[in-house]
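Novice: Requesting a structural model of the entry that follows:
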Amino acid sequence: MFRRHCLVAVALLAATGMRAEAACCYFSAKNADILQPAQKVFLTYDPAEKVETFTVQPKFEGNALDFGMVIPTPTQPKLHEMPRDFFKHLAIYTILKKREFPHSKLMPQPVFLGGFGGGGGPAPGAAAAMDSLAREPAQKPAVRVLEAGLVGSLDYKIIEADRADALFSWLKDHKYSYAGDEASLNFYVQKKWLFTVMKIDTMQMKRNKDGTFAGEVTPTRFQFASEKFIYPLKITQISVKDKTEALFYVQAPFKADLQGDFSYQMTWIPMLQAGSGCTPGGLPGGGEQWLKDFAPQQQNLIAKAQGLGFQFVAGQRPQPGKGGRIPSTMEWARKLSKTDVQVVRGEAPYTEKAPDPDEGFTQADVNDPARREAIFKVIQARLNKSRQDRPLGYLVREAPKEDVTALAQLAGHLQDGKFVTKFRKIFLKDEMNEDLVIIPARYNDAEDKSEYEEILPVSPP
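Specialist: Residues are numbered from 1 along each chain as shown. Have a look, this model is predicted:
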C-alpha cells in the first residue's frame with residue numbers, strides 16, 4: 001500500500017493564501033444560505049492549569065443579509081481581539097524549509113552535491129441593551145445572558161441555557177435567525193456548555209457580482225477552563241454542506257494529534273519510511289528515532305489504513321478512501337527553541353542563506369583567459385569548503401521581506417519550549433457527530449517527538 005516514489009519532495013502543505021475560518025456554527029434566515037467550507041484555528045493548552053485557548057477568524061459565504069454565529073465552550077470564556085492577519089503570519093512562520101547547496105553560475109560545469117529533491121512551498125459598537133426575558137414567577141429564566149461586550153468589530157453575548165428549545169426561541173426572538181434544528185444545540189445544552197453568540201452585518205462586507213457575500217471578520221481568541229483539550233467540531237456540522245477542511249495549529253507541551261482514525265500517523269509514518277535512508281545520519285528532526293520506536297506497531301497501522309482504503313503516494317495529497325474519507329496530514333511540527341521565538345521578534349534570521357561561491361567575480365573576469373584558471377580554483381575551493389562545513393546543505397525558505405517583518409505580531413503567542421503542531425483534516429459531514437479531543441502524539445506506548453520543518457527526501461523506488 002505504502003509505495004515509494006522516485007526523487008521528489010514530499011511536501012504535504014498548503015500555500016499561504018488558504019482561507020481562514022471559524023470553530024463555530026452560522027445562523028441565518030431559513031431561505032438564506034451561509035456555508036462554512038473550511039476552518040482554521042490556533043489552539044493552546046496548559047494541562048497543569050487546565051486552561052485552553054483557541055483563536056478563530058470567521059469567514060463566510062452565502063446570500064444572507066445578516067446572520068449570527070455561535071461558539072460553544074465548556075466554561076465562560078474571556079474574549080480577546082487578535083491581529084487581523086494572524087493566520088497569514090502563522091502560515092509564513094511554518095513554511096517548510098528545503099536543503100540548498102552553494103553552486104556557481106560562472107563555472108562551466110557547476111559542481112552540485114545531490115541532496116533533497118523538489119522545492120518548498122509557501123506554501124466583536126457596543127450591543128443594544130438586551131430585551132427583558134420573560135420569566136415565570138419564582139423561576140430562573142431558561143436562557144441567561146452572562147456577559148455582553150465588544151471585541152474588535154464584533155459585539156458578543158455569552159449565554160447559558162437549560163433547554164435547547166428555549167435557546168432556539170431566544171435566538172429567534174433576538175434576530176439570530178436560525179435555519180437548523182435543535183439537535184446540535186441540545187448536544188451542548190446537555191453538557192452544560194455556554195454559548196458565545198455574535199451577530200454580523202454583511203452590508204459592511206464586499207458584495208459579489210452574483211449578489212452573495214463573502215468576507216472575514218476580526219480574529220478572536222477564546223480563553224477558558226477545560227478539563228480536556230477539546231475542539232467544538234459538532235456545532236459546525238449545521239453549516240457544512242458535505243465536508244469542511246480544518247487546518248489546526250496546536251501549541252502545547254507535547255506534540256499534538258487527533259484520536260483514532262483521525263490520526264495523521266497513517267500518512268506521517270509512510271512519509272518517514274519513504275525518506276528513510278536518503279540522508280547521512282538519518283532523517284532530520286528525530287524522524288529516524290520515531291520510526292524505530294513505532295516499528296512494533298507498523299503492521300497494525302498498515303492494516304488499519306488499508307481497512308479505511310487509504311493509500312499513500314509520495315509527493316501527492318491524500319486521496320479519498322472508503323466512503324470518501326480522507327486521512328489527516330501533519331504539515332509542520334517543531335518544539336520551539338529560544339532561537340525560534342527570536343525569529344518572530346526579528347532577533348534571529350528567518351532563513352539560512354547558501355553562500356555565493358562567485359562573490360567578487362563577474363562573467364567578464366572568467367572571460368579573461370589569463371585569470372580564468374585561478375578564478376575557477378577559488379570558486380572550487382569555496383564550494384569544497386561549503387560541502388565540508390555543511391555536508392547536508394543550508395536550510396532555506398523564502399517569503400517577502402514585509403511578511404517576515406510582520407511576524408512580530410506573533411510575539412507573545414508562540415512560546416519557547418512548547419511544541420507547535422500543524423495538521424490538516426477534511427471532515428465529511430457524517431464525521432462531525434462529536435467534538436474533537438486533541439491528544440499527545442503517540443501510538444500505544446511510543447511517544448512521537450519527531451519534528452517536521454523541512455521537506456523530506458524520498459528514497460528511489
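Novice: low pLDDT regions in this protein?
Specialist: 1-38, 58-68, 109-138, 177-181, 200-218, 459-461 (pLDDT under 70).
Novice: The residue lying farthest from the centre of it: which element?
Specialist: In the chain, the residue that sits farthest from the middle, by Cα atoms, centre = their mean, is residue 370; the gap is 56.7 Å. Per DSSP states H and E, residue 370 falls inside helix 369-389.
Novice: which helices and strands sit right next to that helix?
Specialist: Contacting helix 369-389 under the criterion 3 or more Cβ pairs under 8 Å, 6 or more residues apart in numbering; DSSP states H and E are the following elements: helix 363-367. C-beta coordinates here come from the backbone N, C-alpha and C atoms, glycine included.
Novice: helix or strand right after the host helix or strand of residue 92?
Specialist: Using DSSP H and E, residue 92 sits in helix 86-93. Where DSSP H and E defines the elements, the next helix or strand beyond helix 86-93 is strand 98-100.
Novice: can you pull the buried residues of the next helix-or-strand element following that next one?
Specialist: As assigned by DSSP H and E, the chain's next helix or strand after strand 98-100 is strand 143-151. Within strand 143-151, the residues that qualify as buried are 143, 145, 148, 151, counting by 16 or more other Cβ atoms under 10 Å.
Novice: Does the second one touch residue 157 like I think?
Specialist: Yep, that's residue 145 we're talking about. Yes: the pair residue 145 / residue 157 is scored as a contact, 5.4 Å apart, by Cβ atoms under 8 Å.
Novice: Show the contacting residues for residue 55.
Specialist: Shown in contact with residue 55 (Cβ atoms under 8 Å, 6 or more residues apart in numbering): 41-43, 82, 86, 219-222.
Novice: what pairs with it across the strands?
Specialist: residue 42, residue 221 (DSSP bridges).
Novice: Between the two ends of stretch 249-257, how far is it?
Specialist: Criterion Cα to Cα, to the nearest Å; first-to-last residue distance in stretch 249-257 is 11 Å.
Novice: Ok, stretch 231-250 next?
Specialist: 11 Å.
Novice: how distant is that stretch from the center of its chain?
Specialist: The chain centre lies 13 Å from the centre of stretch 231-250; the measure is Cα atoms, centre = their mean, to the nearest Å.
Novice: Flag every buried residue along it.
Specialist: Those would be 231-240, 243-250, for stretch 231-250 by 16+ other Cβ under 10 Å.
Novice: Next: stretch 419-435.
Specialist: 419-427, 431-432, 435.
Novice: now the helices: where do they sit in the stretch 151-300 of the chain?
Specialist: Assigned by DSSP state H, counting those that start in this stretch, the stretch 151-300 of the chain shows helices spanning 164-173, 183-190, 265-275, 287-294, 298-307.
Novice: Now do the last one and helix 265-275, the angle between them.
Specialist: What separates the directions of helix 298-307 and helix 265-275 is an angle of 120 degrees, with axes from the mean of the first three to the mean of the last three Cα atoms, to 10 degrees.
Novice: I'd like the next helix or strand past helix 298-307.
Specialist: With secondary structure assigned by DSSP H and E, helix 298-307 is succeeded by strand 329-335.
Novice: what does that next one contact?
Specialist: 12-14, 94, 96, 255, 257, 264, 267-268, 285, 317-318, 340, 417-425, 449-453.
Novice: what does the helix or strand that that strand is followed by contact?
Specialist: Where DSSP H and E defines the elements, the next helix or strand beyond strand 329-335 is helix 338-344. Defining contact as Cβ under 8 Å, 6+ apart, one finds that helix 338-344 is touched by 93, 334, 348-350, 407-408, 410-411, 414-416.
Novice: Check stretch 279-289 too.
Specialist: Against stretch 279-289 from outside (Cβ under 8 Å, 6+ apart): 116, 272, 275-276, 291, 333-334, 391-392, 449-454, 456-457.
Novice: Which positions in stretch 375-390 come out as buried?
Specialist: So, applying 16+ other Cβ under 10 Å, buried residues of stretch 375-390: 375-376, 379, 382-383, 386-387, 390.
Novice: Quick one: distance of it to the chain centre.
Specialist: The answer for stretch 375-390 is 40 Å, by Cα atoms, centre = their mean.
Novice: What of stretch 90-109?
Specialist: Per Cα atoms, centre = their mean, the centroid offset for stretch 90-109 relative to its chain is 24 Å.
Novice: And for stretch 257-264?
Specialist: On Cα atoms, centre = their mean, the centre of stretch 257-264 falls 15 Å from the chain's centre.
Novice: Now the terminal residues of that stretch, how far apart.
Specialist: Where stretch 257-264 begins and where it ends lie 7 Å apart, using Cα to Cα.
Novice: And that stretch, what's buried?
Specialist: For stretch 257-264, by 16+ other Cβ under 10 Å, it's 257-258, 261-264.
Novice: out of those, what pair is the most spread apart?
Specialist: 257 and 261 (11.8 Å; Cβ to Cβ).
Novice: can you list the buried residues of strand 143-151 in CSV and add distance to residue 176?
Specialist: Shown next, in CSV, are the buried residues of strand 143-151 (distance: Cβ to Cβ, whole Å):
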residue, distance to residue 176
143, 12
145, 13
148, 14
151, 17
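Novice: between these, which is nearest residue 192?
Specialist: residue 143 (13.4 Å).
Novice: Might one say that that closest one is in contact with residue 165?
Specialist: No: the pair residue 143 / residue 165 is not scored as a contact, 10.2 Å apart, by Cβ under 8 Å.
Novice: before we move on, the earlier item: turn the helices of the stretch 151-300 of the chain into TSV, columns for mean neighbour count and distance to residue 364.
Specialist: Formatted as TSV, the helices of the stretch 151-300 of the chain follow (neighbours: other Cβ atoms under 10 Å; distance: least, Cβ to Cβ, whole Å):
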stretch	mean neighbour count	distance to residue 364
helix 164-173	18	75
helix 183-190	18	72
helix 265-275	24	43
helix 287-294	19	46
helix 298-307	14	58
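Novice: gap between residue 42 and residue 53?
Specialist: 8 Å (Cβ to Cβ, to the nearest Å).
Novice: quick one, which of the two is more surrounded?
Specialist: residue 42 (25 against 19; other Cβ atoms under 10 Å).
Novice: can you tell me the helix or strand for residue 356?
Specialist: Applying DSSP H and E, one finds residue 356 in no helix or strand.
Novice: How about it, nearest residue that isn't a chain neighbour?
Specialist: Distances taken as Cβ to Cβ, 6 or more residues apart in numbering put residue 102 closest to residue 356, at 7.0 Å, once the chain neighbours are dropped.
Novice: what does residue 45 give?
Specialist: residue 229 (4.2 Å).
Novice: and of the buried residues of stretch 257-264, the nearest to residue 306?
Specialist: residue 261 (12.6 Å).
Novice: which residues sit in contact with that closest one?
Specialist: Counted by Cβ under 8 Å, 6+ apart, residue 261 has contacts 304, 308, 325.
Novice: thought residue 319 was touching residue 326?
Specialist: Yes: with contacts defined as Cβ under 8 Å, residue 319 counts as touching residue 326 at a distance of 7.3 Å.
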